[in-house]
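Q: can you look at this prediction? I've put the sequence above it.
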Amino acid sequence: MFTTYLVVSLCALAGVSCFLIGALVQQHLSYKKIKSVMVTDSYVYHCRQNIFESLSFLGVKDNITRLSNATPRNTESDSVRKSYSLIEQFALWSRIKAYRAIGRGSYTDTKYNHIADIMKYGFPGLDEIHVYKNFVLSYDRRNRIAHWVCEHLTGDCLTMKDTQKLEKPKAYISDVTIPQMFSADMRDFKNTQFVGGHLASPHNYGCDVVKFLETYKFPNIVPINRKLKNHVWQRLENYVRDMSLEWGSIYVYTGPIFMPQRITFRNWSTRYHVIGMNTVAVPTHFFKIIIRDTTLDNELPFMEGYVVPNAYVDKEMDLLSFLADIRDIEHFAGLRFCDGLQRDRLDLPVSRPSMTDLEQ
């Protein structure tokens, strides 16, 4: 009789163990599949935390942060932890323990922890990604400019000032991670009608001298019409900063567009200037997309898209004149942004930027 109970218990234990192992393996495979898909699908990337929570082992969710009187936690590290299956967490835990056991200190690399914060709404494209302290960009080697730049602006950084004096460098800074043959240099901007413009503005980062100087690196520089830079484009940048001060946190995507022109009824052609010996491409237009978090759970973020021609335009022209459909920006820029509630549907007023214009 005892032998029978022992055999039954062992069989039940083996069955439960096989079930748990199968569940863990299935969770691990599902996590890997989601991670491979979210690299190319910005919507999946945006919803990744909800998906990971639904796949958490035995449906366990962290409800502590939803309590109004809960103790504040490190939500960034918590979201990173949720993006790993239990098998991956165990493998990482074992690796960290082994790393510390041999006396080499902490295994965790915090150098790129800020990427998840900047790229909350996904990567519009994945061509040659470069990560900086204050922004992330995708670089176009053929045109010697960026495909897009993404930055996360907070009101704190706009109101604080670094104790060190912020001095504009005498020349733009080369990025050693990009081969010189695929990069612009200062000579390319001499004797042309175009000047160097910033996709990520240095005036967004007066709180940190390192962040400020990084905006002067060549991957962040594009040829822009001088009068456009000093008037309409500057007003648009000021409007972005005003939004950041008003809402506390916004996400901004900025980049070039090479818009086609109609030649005949059915024929179109893309024509644009190149400058300098490095043949730096001059965009025909620029886009800027502003994303603001919603305060409602499971709601899409608020979005505004602007397209400005790279030419002289009336400096008094209303910024509403440049409001564009984000799907059109995707079409002409060859990028994919997350879904959101666009401004033209929100009927929000556009106020003239109140910040003092800053010379660049």
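A: Nice, I can see it. Numbers count the residues shown, from 1 in each chain.
Q: just the helices in the stretch 51-200 of the chain please.
A: Taking DSSP state H, counting those that start in this stretch as the test, the helices found in the stretch 51-200 of the chain are 75-82, 86-101, 115-118, 155-159.
Q: quick one: which of these has the weakest pLDDT on average?
A: Averaged per stretch, pLDDT over the helices of the stretch 51-200 of the chain is lowest on helix 75-82, reaching a mean of 50.
Q: what's the helix ranked longest in the chain packed up against?
A: Taking DSSP state H as the criterion, the chain has its longest helix at helix 2-38. When contacts are defined as 3 or more Cβ pairs under 8 Å, 6 or more residues apart in numbering; DSSP states H and E, helix 2-38 packs onto helix 42-46, helix 48-54, helix 86-101. (Glycine included, C-beta is placed from N, CA and C.)
Q: number of residues surrounding T192?
A: T192: 14 surrounding residues under other Cβ atoms under 10 Å.
Q: what's the separation between the closest residue to it other than its chain neighbours and P219?
A: With Cβ to Cβ, 6 or more residues apart in numbering as the criterion, T192 has its nearest non-adjacent residue at 4.8 Å, and that residue is I275. To P219, I275 is 16 Å away according to Cβ to Cβ, to the nearest Å.
Q: who has more neighbours out of the two?
A: Between I275 and P219, P219 has the larger neighbour count (other Cβ under 10 Å), namely 28 against 20.
Q: contact partners for the more buried one?
A: By Cβ atoms under 8 Å, 6 or more residues apart in numbering, the residues touching P219 are 130, 137, 139, 145-146, 175, 178, 183.
Q: 7 Å instead, please
A: 130, 137, 139, 146, 175, 178 (Cβ atoms under 7 Å, 6 or more residues apart in numbering).
Q: now those residues in a markdown table, with neighbour count, distance to K32 and pLDDT?
A: Below are those laid out as a markdown table (neighbours: other Cβ atoms under 10 Å; distance: Cβ to Cβ, whole Å; pLDDT from 0 to 100):
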| residue | neighbour count | distance to K32 | pLDDT |
| --- | --- | --- | --- |
| H130 | 17 | 26 | 94 |
| L137 | 24 | 27 | 96 |
| Y139 | 23 | 28 | 97 |
| A146 | 24 | 30 | 97 |
| D175 | 17 | 33 | 94 |
| I178 | 18 | 31 | 94 |
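Q: so which of the residues you listed is the closest to T192?
A: A146 (19.1 Å; Cβ to Cβ).
Q: state the number of residues packed around the closest residue in space to D185 that isn't next to it in sequence.
A: Distance criterion Cβ to Cβ, 6+ apart; nearest residue to D185, sequence neighbours excluded, is N278 at 6.6 Å. Counted with other Cβ under 10 Å, residues neighbouring N278 total 16.
Q: what of A171?
A: Neighbour tally, A171, other Cβ under 10 Å: 10.
Q: how about the strands in this structure?
A: In the chain, the strands defined using DSSP state E lie at 129-131, 135-140, 145-154, 194-198, 221-225, 249-257, 261-262, 268-269, 274-275, 280-281, 285-292, 302-309, 341-342.
Q: so where is the stretch 101-250 of the chain shaky, pLDDT-wise?
A: 101-112 (pLDDT under 70).
Q: OK, contacts around the residue most central in space within the chain?
A: In the chain, the residue lying closest to the centroid (Cα atoms, centre = their mean) is M119, at 3.3 Å. Neighbour list for M119: 136, 150 [criterion: Cβ under 7 Å, 6+ apart].
Q: give me phi/psi at it?
A: phi -100, psi 40 (degrees, to the nearest 10).
Q: let's have the chain start at 54 instead
A: Yep, numbering from 54; the last one is M172 now.
Q: need the strands of the chain in JSON lines (columns: distance to A224).
A: Shown next, in JSON lines, are the strands of the chain (distance: least, Cβ to Cβ, whole Å):
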{"stretch": "strand 182-184", "distance to A224": "20"}
{"stretch": "strand 188-193", "distance to A224": "20"}
{"stretch": "strand 198-207", "distance to A224": "17"}
{"stretch": "strand 247-251", "distance to A224": "10"}
{"stretch": "strand 274-278", "distance to A224": "11"}
{"stretch": "strand 302-310", "distance to A224": "22"}
{"stretch": "strand 314-315", "distance to A224": "34"}
{"stretch": "strand 321-322", "distance to A224": "35"}
{"stretch": "strand 327-328", "distance to A224": "16"}
{"stretch": "strand 333-334", "distance to A224": "15"}
{"stretch": "strand 338-345", "distance to A224": "23"}
{"stretch": "strand 355-362", "distance to A224": "26"}
{"stretch": "strand 394-395", "distance to A224": "39"}
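Q: just checking, N257 touches G208?
A: No. Under the criterion of Cβ atoms under 7 Å, N257 makes no contact with G208, lying 11.0 Å away.
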